[in-house]
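Asks: Need a 3D model of the sequence below.
(one chain, ligands or ions: 2)
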Amino acid sequence: MAKLPTTTIIDLGRLSLAHGEGARLDLDLRLGPLELGGQTYAPAPESLGARLDLSRPSNGYAFRLRFPLRVEGPCMRCLEPAEVETEIDAREVDQSDTEDEELRSPYVTEDELDVGRWAHDAAVLAMPTRILCRPDCAGLCPTCGEPLNDADPSAHEHETASDPRWDKLKDLKLE
Ligand SMILES: [Zn+2]
Ligand SMILES: [Zn+2]
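Replies: Ligands and ions are numbered 1, 2, ... in the order given. Have a look, this model is predicted:
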């Protein structure tokens, strides 16, 4: 059964940072599965150690979130097991007294930072568009659907002999 991502909410008010101050938090994150290209990729290990840096430059907050990420799931070409390893390094700013949406973080509401949702979105953005078991994955045979990576190429030179039109041609020649 797929587990839902655990929300990790940081109460910014309780950190009581003054302007010009900063803080560093080490967090345990559970991202939950990532949906990519119609497939599901599970972070492994499930629990990730993340580092969150917070600072209050003038008004509002600036955040930096970093964590290593490794996900496992099917190769997008051949469906054999594949994995991706990457480092997430994401930044957000949130200025409290502005109407400018560009300066508001979608992950901050009422002085609370939703690190869980941010980390999940940052992980999805960091994934390659194609997740492959190996860079030159040959995919599946278009005729029989078998994986081609370790297959003998001659085993997939499928004859068209079963094509009834071909049979008719052969009959003609024999006559
Ligand atoms: Zn593959
Ligand atoms: Zn084949």
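Asks: Run through the residues that contact residue 60.
Replies: Applying C-beta atoms under 8 Å, 6 or more residues apart in numbering to residue 60 gives the contacts 93, 94, 95, 96, 97, 98, 103. In short, each C-beta sits where N, CA and C put it, glycine included.
Asks: Mind checking which of the residues you listed are buried?
Replies: The neighbour count (16 or more other C-beta atoms under 10 Å) marks 94, 95 as buried among these.
Asks: so which of the contacts of residue 60 comes closest to residue 143?
Replies: residue 93 (53.6 Å; C-beta to C-beta).
Asks: contacts with ligand 1 among the contacts of residue 60, please.
Replies: Restricting the contacts of residue 60 to those within reach of ligand 1 (C-beta under 5 Å from the ion) leaves nothing.
Asks: pLDDT at the closest residue to residue 158 other than its chain neighbours, what is it?
Replies: Counting by C-beta to C-beta, 6 or more residues apart in numbering, residue 158 lies nearest to residue 143, which is 4.4 Å off, once chain neighbours are set aside. Note for residue 143: predicted pLDDT of 92.
Asks: I'd like to know how far residue 143 sits from ligand 1.
Replies: Residue 143 sits 18 Å away from ligand 1, going by C-beta to the ion, to the nearest Å.
Asks: pretty sure that residue contacts residue 157?
Replies: No. Checked against C-beta atoms under 8 Å, the pair residue 143 and residue 157 is beyond contact range at 9.4 Å.
Asks: okay, the two: which has more neighbours?
Replies: The residue with more neighbours, out of residue 143 and residue 157, is residue 143; 11 against 8, by other C-beta atoms under 10 Å.
Asks: okay, how far is it across stretch 12-22, tip to tip?
Replies: 11 Å (C-alpha to C-alpha, to the nearest Å).
Asks: starting at the chain centroid, how far to it?
Replies: Centre-to-centre, stretch 12-22 and its host chain are 32 Å apart (C-alpha atoms, centre = their mean, to the nearest Å).
Asks: what two of the contacts of residue 60 are the furthest from one another?
Replies: Greatest spatial distance among the contacts of residue 60 (C-beta to C-beta): 93 and 97, at 13.2 Å.
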